[in-house]
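Visitor: The following block contains a protein sequence and its predicted model.
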Amino acid sequence: MAYRDVYKSWQDDPEAFWMKAAEAIDWDTPPSKALFDDNAPIYEWFRDARVNTCYNAVDRHVEAGRGDQVAIIHDSPITNTISKITYRELQTRVASLAGALQAKGVGKGDRVIIYMPMVAEALDAMLACSRIGAIHSVVFGGFAANELAVRIDDATPKAIIAASCGLEPNRVVSYKPLLDGAIELATHKPDFTVILQRDQDRATMTDRDVDWYEFQQGVAPADCVPVEGTHPVYILYTSGTTGAPKGVVRPTAGHLVALNWTMKNIYNVDPGDVWWAASDVGWVVGHSYICYGPLIHGNTTIVFEGKPIGTPDAGTFWRVIQDHNVKSFFTAPTAFRAVKREDPTGEFVKKYDLSCLDQVFLAGERADPDTIIWAQDQLQKPVIDHWWQTELGYPGVCNPVGIELLDVKLGSPSVPLPGFGMKILDDDGNELPSGELGAIVIKLPLPPGTFPTLWNAPERFLSSYLNTFPGYYETGDAGMIDEDGYLYIMARTDDVINVAGHRLSTGGMEEVLAAHPDVAECAVIGVTDALKGQLPMGFVCLNKGATTTHEDIVKDCIKLVRDKIGPVAAFKLCAVVDRLPKTRSGKILRATMVKIADSAEFKMPATIDDPAILDEIREALKPLGYAKS
């Protein structure tokens with residue numbers, strides 16, 4: 001079937017579509033139906049089923065005779081080690097850890113916070129929780145103590161599983177002092193903490209702490225505990241606009257069905273193929289496509305402890321793909337921009353045999369056409385931009401390579417996938433014609449595996465996502481749909497700026513700036529202007545080896561935007577900077593940059609990669625007449 005046929009089959013009969021997809025899961029009690037809508041607009045999928053996530057991700061593959069297949073490859077250029085774990089070995093490891101948790105009183109419905117670096121044991125911990133029906137909440141390793149404390153108080157975990165440290169290219173990050181500080185700050189106290197000691201920085205243990213290996217000694221392995229279809233697998237905190245984190249809840253049955261469906265239909269991998277998502281277990285990509293999706297589908301997944309550049313160089317991605325025979329690869333546009341900046345002519349790409357690689361997927365930040373063209377030219381493979389969110393859990397808009405490789409339109413993540421009825425609305429909720437910029441929404445119900453609510457915050461769930469446009473989920477993104485049904489994500493709704501009454505997309509201006517041959521990366525924000533309301537301001541980072549003067553590059557950028565978008569953009573503020581402030585997942589902190597420019601108070605983002613960059617931005621703004629205080 002072609003994409004249009006598959007999408008129409010979902011439109012014509014969503015119930016039949018998802019029940020068919022559910023046949024690929026091993027159920028303890030199969031669902032009698034897919035959708036339960038008796039509490040709309042709160043929808044539930046496969047509510048009457050009983051099933052276990054860990055069984056579907058691990059045990060069933062062993063029982064099917066594939067226990068000797070490698071499940072996890074851990075590749076750490078920082079420690080210069082590679083290890084491989086088969087599905088049979090994974091089953092033993094996970095059952096042992098789950099049994100130890102059970103023996104200490106952790107059971108179905110209890111919460112466990114996981115605070116781990118990119119090691120295979122992080123996946124062990126996630127799977128061990130799902131094996132016994134405990135609800136895990138992974139917090140990015142190295143998160144500040146006060147941010148971890150907020151999550152401890154919201155999730156009220158019975159236990160915390162952590163490592164003694166995480167490793168960055170040039171430093172060791174001690175986790176244990178941060179964990180101890182967070183527990184001291186938190187009102188809620190866990191019963192115990194399990195610590196994986198790493199040789200690079202062994203932690204000082206307290207009465208509350210138990211060693212990872214000693215914890216598991218002499219304990220019977222745990223069997224899989226079936227849970228209801230709506231039982232949460234995990235809580236994942238995403239930053240809210242108010243600064244308070246939002247705990248996204250992921251229901252068990254829909255999660256299994258949806259992720260399994262995506263592995264072939266979107267990412268075009270078959271069971272046994274090697275798949276690599278270069279992300280972190282602290283982010284939704286790490287949950288869906290380092291841990292659960294590939295293992296549920298029977299793939300080999302890679303856990304990578306390194307960076308796109310500097311571990312040791314801009315060729316590390318290509319080395320991993322060659323050495324481990326990766327068929328399908330997923331990373332963030334910001335990672336490719338970092339590689340492109342270090343290696344603009346692709347010299348490192350030429351050093352490796354990438355014949356095993358069939359396609360590359362980008363998500364996390366808007367993929368500018370220039371980055372996609374660079375990757376296409378260097379790799380000679382399909383480079384697929386796609387769009388999704390923590391709340392959704394998997395792609396909502398993508399070129400569905402496993403069904404049919406559609407025409408690539410630069411600047412668009414392509415077309416809606418089954419389950420996602422995308423619309424563009426104006427501020428009053430009226431649907432806009434093709435080509436017009438507006439709020440991107442999804443018609444309810446959202447498909448299986450998306451979030452049904454927020455942890456401990458059902459009212460906030462409604463006010464944040466469902467109340468603005470009744471009958472629709474508000475994505476918070478702005479964009480348009482063209483005459484062929486392709487979606488264009490132009491900016492967050494907050495990043496659509498109003499210049500003298502004209503609604504303009506900062507993403508469209510970034511596209512233009514990124515096309516400059518010396519520009520490696522860029523961001524455009526809207527700053528306050530007394531006359532026009534807002535003005536766009538550009539920040540550009542340059543390729544390594546660029547010889548043009550900063551003054552000439554600024555002039556070129558201003559002219560480019562004027563030529564491509566027109567005088568209406570009023571683009572005349574631009575600065576060359578060495579780097580942009582980002583979250584650890586690679587998202588540019590545009591809202592924070594706006595507050596600095598406007599001399600407004602702001603809260604330091606919890607997820608910021610390096611706070612010192614904000615001072616650099618402030619200094620770059622001053623010659624332009626902004627960031628005065």
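Guide: Done, it's in.
Visitor: List the contacts of the closest residue to residue 76 other than its chain neighbours.
Guide: Nearest residue to residue 76, sequence neighbours excluded (C-beta to C-beta, 6 or more residues apart in numbering): residue 305, at 3.8 Å. Using the backbone N, CA and C atoms, a C-beta is placed for each residue, glycine as well. Contact partners of residue 305, counting by C-beta atoms under 8 Å, 6 or more residues apart in numbering, are 74-79, 117-119, 167.
Visitor: and the residues you listed as a markdown table, adding distance to residue 131?
Guide: Below are those laid out as a markdown table (distance: C-beta to C-beta, whole Å):
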| residue | distance to residue 131 |
| --- | --- |
| 74 | 20 |
| 75 | 25 |
| 76 | 26 |
| 77 | 31 |
| 78 | 29 |
| 79 | 28 |
| 117 | 22 |
| 118 | 21 |
| 119 | 19 |
| 167 | 28 |
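Visitor: Just those residues: which are in strands?
Guide: Judged by DSSP state E, the subset of these located in strands is 74-76, 167.
Visitor: got the contact list for residue 580?
Guide: Residue 580 touches 521-523, 539, 541, 588, 613, 617, counting by C-beta under 8 Å, 6+ apart.
Visitor: number of nearby residues for residue 151?
Guide: Residue 151: 22 surrounding residues under other C-beta atoms under 10 Å.
Visitor: mind checking pLDDT for it?
Guide: pLDDT, residue 151: 94.
Visitor: who does the helix or strand containing it touch, helix- and strand-wise?
Guide: Assigned by DSSP states H and E, residue 151 belongs to helix 145-155. Applying 3 or more C-beta pairs under 8 Å, 6 or more residues apart in numbering; DSSP states H and E, we find helix 145-155 packed against strand 111-115, strand 135-138, helix 176-185, strand 232-238.
Visitor: Any chance of a markdown table for the ones you listed, columns mean neighbour count and mean pLDDT?
Guide: Below are those laid out as a markdown table (neighbours: other C-beta atoms under 10 Å; pLDDT from 0 to 100):
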| stretch | mean neighbour count | mean pLDDT |
| --- | --- | --- |
| strand 111-115 | 26 | 98 |
| strand 135-138 | 25 | 98 |
| helix 176-185 | 19 | 96 |
| strand 232-238 | 25 | 95 |
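Visitor: do you know which of those lies nearest residue 161?
Guide: strand 111-115 (5.0 Å; C-beta to C-beta).
Visitor: can you state the direction angle for that closest one and strand 232-238?
Guide: 50 degrees (axes from the mean of the first three to the mean of the last three C-alpha atoms, to 10 degrees).
Visitor: Indicate each strand paired with strand 111-115 and its parallel or antiparallel sense.
Guide: strand 135-138 (parallel), strand 159-163 (parallel) (DSSP bridges).
Visitor: Residue 521 should be in a strand, yeah?
Guide: Yes. Checked against DSSP: H, G, I helix; E, B strand; the rest coil, residue 521 lies within a strand.
Visitor: Hmm, residue 336 and it touching each other?
Guide: No. With contact defined as C-beta atoms under 8 Å, residue 521 does not reach residue 336; the gap is 10.0 Å.
Visitor: So those two - more neighbours on which side?
Guide: The neighbour count for residue 521 versus residue 336, taken as other C-beta under 10 Å, is higher for residue 521 (28 against 24).
Visitor: In contact with that one, which residues?
Guide: Applying C-beta under 8 Å, 6+ apart, we find residue 521 in contact with 334, 337-338, 341, 514, 540-541, 580.
Visitor: Looking at those, state which has the most neighbours.
Guide: Using other C-beta under 10 Å as the neighbour criterion, residue 337 leads the contacts of residue 521 with 27 neighbours.
Visitor: For that one, which three-state class applies?
Guide: Per three-state DSSP, residue 337 ends up helix.
Visitor: May I have the residues that are in contact with it?
Guide: Counted by C-beta under 8 Å, 6+ apart, residue 337 has contacts 371, 520-521.
Visitor: Can you tell me how far it is from residue 588?
Guide: Separation of residue 337 from residue 588 (C-beta to C-beta, to the nearest Å): 10 Å.
Visitor: same check, this time on residue 132
Guide: 39 Å.
Visitor: what does residue 318 give?
Guide: 25 Å.
Visitor: swap in residue 115?
Guide: Distance, residue 115 to residue 588, using C-beta to C-beta: 26 Å.
Visitor: go on, residue 195?
Guide: Residue 195 sits 34 Å away from residue 588, going by C-beta to C-beta.
Visitor: higher neighbour count, the two?
Guide: Neighbours were counted for residue 195 and for residue 588 using other C-beta under 10 Å; residue 195 has more, 26 against 22.
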